[in-house]
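Asks: 3D, please:
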Amino acid sequence: QVQLVESGGGLVQAGGSLRLSCTASGSILNINTMGWYRQVPGKQRDLVATITSGGNTNYADSVKGRFTISRDNAKKTAYLQMNSLKPEDTAVYYCNVDWILARDRTMGAKEGFDYWGQGTQVTVSS
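Replies: Got it, this is the predicted structure:
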C-alpha cells in the first residue's frame, strides 16, 4: 500500500527557516510529479510548489525566491526548503503525488493517482 509521510513542520519566528520532507513508502516502481500544497482553515488548498520526475519546478508567486522544492528519486522523497518565512505562510502543508506505479501481486504493476500525505502544521509567529 502506497503512503506519503510528511515531517519537518513546527513553530518558527518570522524570518526563520524550516525544511519539510515527504517520503513515499510501499512497493513503488516510479513516481511522477511531487508537490506541496497548503491550507488554512476555511480556505481552499493552494499550490505551493511542484517538481517533476525530471526536476522541472513550479512555484506559487507568493513563495518564489523564498521556498525551494527538491527531490531525491532514489529515496522517493521530496523536500521543501522554506526560508524568510512570514506569518502568512502559516498553514497545514500537504504533500501530493499525482501518479505512482507500484508493484502488484496479481497484476505485476498497478498505477494509482492523486496521493496525499496527512499534513504537517507550519506556524510562523510575528
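
Asks: surely N73 meets N30?
Replies: No. Here N73 does not reach N30: they are 9.1 Å apart, not a contact under CB atoms under 8 Å. (Glycine included, C-beta is placed from N, CA and C.)

Asks: list residues touching both of those two?
Replies: S53 (CB atoms under 8 Å, 6 or more residues apart in numbering).

Asks: kindly export the helix or strand containing G35 (C-alpha atoms) in CSV.
Replies: Using DSSP states H and E, G35 sits within strand 34-39. Only the C-alpha atoms of strand 34-39 are listed here, as CSV (Å, rounded to 0.1, in the frame of the first residue of the first chain):
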residue,chain,number,x,y,z
MET,A,34,5.6,15.5,-6.4
GLY,A,35,4.3,18.7,-4.9
TRP,A,36,3.5,20.7,-1.8
TYR,A,37,0.1,22.4,-1.1
ARG,A,38,-1.1,24.3,1.9
GLN,A,39,-4.4,25.1,3.5
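
Asks: could you point out the helix or strand that follows it?
Replies: Sequence-wise, the next helix or strand downstream of strand 34-39 (DSSP H and E) is strand 46-51.

Asks: and the closest residue to T52 other than its chain neighbours, what is it in contact with?
Replies: Among residues not flanking T52 along the chain, T33 sits closest, at 5.0 Å (CB to CB, 6 or more residues apart in numbering). Counting by CB under 8 Å, 6+ apart, T33 makes contact with T50, I51, T52, S53, V97, D98, W99.

Asks: what are the phi and psi angles of the third one?
Replies: Reported as degrees, to the nearest 10, the phi and psi values for T52 are phi -80, psi 170.
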